[in-house]
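*Asks:* Just a sequence and a predicted model for now, questions to come.
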Amino acid sequence: MMQKNLTCKDSKSGQKNIITLSLLLIPINLLFLCLGYYLSTFAQEANLLVERPDHLFPTVVFSSGAFSTALGGLFVLGLIAAALSSADSALTSLTTCFQVDILQDKTFSPKKRLMIHVSFALLLAVIILGFYYAPNGESIINRIFTVAQYTYGPLLGLFLFAMSAKRKVKAIYTPILCMFTIGLTFLCQHLLTQNLDFSPGFLLLGINGTIMYSLLVITSTKYLSYEK
């Protein structure tokens, strides 16, 4: 989505692109929800044993007897193609940011670029396998959202602070506050679960962002400019 916005000729075109994309995602998400509902209903009526939510799609395709092997293979190829297109975009963004922003290397030598691409591809494979084989009965998407609540919360707090608070912050403190926020969020989740028997679920994202915003307000000063 960021790459699409960067190709817009001006901010008005970028705003139009975001609004159009948001409207298009509504029927697309509804379509996927309906497909998931029908897959689940079909599996129940066919008395198929689905061990975990991630196995629903392959179980219906290969174990129901309603699909031929060739058609099932086409389904799997389509699923892999859709997944790899997202992974390809993520790898492109990660490798470019790592080389240009972290290594600050703009020579783009083929050997170094190949090393970075291979390293990030292996790292992505390890992360994917780690999510799949983690000892938990939840689906992979739930595990991803659980991790994202800790990593994305500080970003939301930073964004809200930058848009609403006219205060001066020291950039060197920002990474420290992000790590501190993740620790406080984990502590809040533990206290809510153990003492109040309340599981915050996806509400943890809002708690994380609120903690980050509060820490930025406490550690900043009342100036209009920002200090690096």
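*Replies:* Looks like it arrived, so ask away. Residues are numbered from 1 along each chain as shown.
*Asks:* Can you classify Lys166 as helix, strand or coil?
*Replies:* Classification of Lys166 by DSSP: H, G, I helix; E, B strand; the rest coil places it in coil.
*Asks:* how deep is it tucked in, by neighbour count?
*Replies:* Lys166 has 11 neighbours, counted by other C-beta atoms under 10 Å. From N, CA and C alone the C-beta is placed, and that goes for glycine too.
*Asks:* Next one: the residue of the chain positioned farthest from its centre relative to Gln44, how far apart?
*Replies:* Using C-alpha atoms, centre = their mean, the residue of the chain lying farthest from its centre is Gly65. It sits 34.9 Å away. Going from Gly65 to Gln44 by C-beta to C-beta, to the nearest Å gives 16 Å.
*Asks:* Then Tyr213?
*Replies:* Note on Tyr213: its distance to Gln44, by C-beta to C-beta, is 44 Å.
*Asks:* Looking at those two, which has the bigger crowd around it?
*Replies:* A count of neighbours by other C-beta under 10 Å puts Tyr213 above the other of Tyr213 and Gln44, at 21 against 10.
*Asks:* Where does pLDDT dip in the protein?
*Replies:* Judged by pLDDT under 70, the chain has its weakly predicted residues at 1-3, 64, 66-67, 134-138, 223-228.
*Asks:* domains in it, as residue ranges please.
*Replies:* Following automatic domain parsing, one gets these domains for the chain: 11-67, 72-137, 143-219.
*Asks:* Do a quick rundown of the helices in this structure.
*Replies:* Along the chain, the segments classed as helices by DSSP state H run 2-6, 11-45, 56-63, 69-97, 110-133, 140-164, 174-195, 204-219.
*Asks:* Spatially nearest residue to Thr219 (excluding sequence neighbours)?
*Replies:* Tyr173 (6.0 Å; C-beta to C-beta, 6 or more residues apart in numbering).
*Asks:* Determine which stretch of the helices of the chain is the most buried.
*Replies:* helix 204-219 (a mean of 19; mean count of other C-beta atoms under 10 Å).
*Asks:* what's that one in contact with?
*Replies:* 148-150, 152-154, 156-158, 160-161, 165, 167, 169-170, 173, 177-178, 180-182, 184-185, 188-189, 200 (C-beta atoms under 8 Å, 6 or more residues apart in numbering).
*Asks:* Provide a list of residues in contact with Ala162.
*Replies:* Contacts of Ala162 by C-beta under 8 Å, 6+ apart: none found.
*Asks:* can you pull the contacts of the residue nearest the centre of the chain?
*Replies:* Nearest to the geometric centre of the chain sits Ala148, at 5.7 Å (C-alpha atoms, centre = their mean). Contact partners of Ala148, counting by C-beta under 8 Å, 6+ apart, are Leu205.
*Asks:* from now on call the first residue 163
*Replies:* Will do, 163 is the new start, and the previous item becomes Ala310.
*Asks:* quick one: it from Gly345, how far?
*Replies:* For Ala310 relative to Gly345 (C-beta to C-beta), the value is 17 Å.
*Asks:* what about the residue nearest to Thr381, distance to Arg329?
*Replies:* Where Arg329 is concerned, Tyr335 sits at a distance of 13 Å (C-beta to C-beta).
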